[in-house]
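# return a 3D structure for these sequence lines:
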Amino acid sequence: MNSKIMDDVCEVHCIHEKSVSAIKQIMLEKDIVLNIADVFKLLGDPTRVEIIYALSHQELCVCDVAAVLGISQSAVSHQLRLLRNARLVKFRKQGKIVYYSLDDSHITNLFNECLEHINHR
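Below is the predicted model of the structure:
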């Protein structure tokens, strides 16, 4: 076997009991892990990433989001519904127009941290 392939794997089986015990005590509950994974799944779609980015700059109505992304209003509405169900975006209705914005500053922070990581060299 090529030794370069195995450079990132321990060469001996060794458990550091103190470390394992300490980390086991602070591990997240399974339902929280699943919720976090669901958020990252939602953000795994390029269209939803573009929507989040656009909404991180200002509140937009569905028609505006569709115009910015160059896709149909029904496609935008579908994506916004998924984001809203995960509490990543919220909406308000003014007359016949529905405006969307990010749910809170945590979403902006999450997105900006990821963007900073991607741009970090």
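
# where does the prediction get shaky in the protein?
1-5 (pLDDT under 70).

# quick check: longest helix of it.
helix 105-119 (DSSP state H).

# any residues touching that helix, and which ones?
43, 52-53, 56, 88-89, 102 (C-beta atoms under 8 Å, 6 or more residues apart in numbering). Just so you know, the C-beta spots here come from the backbone N, C-alpha and C atoms, and that holds for glycine as well.

# how about a cut-off of 6 Å?
52, 56, 88, 102 (C-beta atoms under 6 Å, 6 or more residues apart in numbering).

# let's see which of the residues you listed end up in strands.
For the contacts of helix 105-119, the ones inside strands are L102, with DSSP state E as the criterion.

# with respect to H120, which of the contacts of helix 105-119 is nearest?
S56 (18.6 Å; C-beta to C-beta).

# tally of neighbours for that closest one?
14 (other C-beta atoms under 10 Å).

# and the contacts of helix 105-119, which two are furthest apart?
Maximum distance among the contacts of helix 105-119 (C-beta to C-beta): 10.9 Å, for S56 and L88.

# show me where the protein has its strands.
60-61, 89-94, 97-102.

# thinking again about what came up before, the longest helix of the chain versus strand 89-94: what angle between them?
130 degrees (axes from the mean of the first three to the mean of the last three C-alpha atoms, to 10 degrees).

# now helix 105-119, how far from the chain's geometric center?
9 Å (C-alpha atoms, centre = their mean, to the nearest Å).

# cool, and stretch 108-121?
11 Å.

# thinking again about what came up before, can you put the strands of the chain in TSV and add mean neighbour count?
Formatted as TSV, the strands of the chain follow (neighbours: other C-beta atoms under 10 Å):
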stretch	mean neighbour count
strand 60-61	18
strand 89-94	13
strand 97-102	17
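
# just send those strands back as TSV, with distance to S21 too.
Shown next, in TSV, are the strands of the chain (distance: least, C-beta to C-beta, whole Å):
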stretch	distance to S21
strand 60-61	49
strand 89-94	40
strand 97-102	39
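
# fine by me, thanks again.
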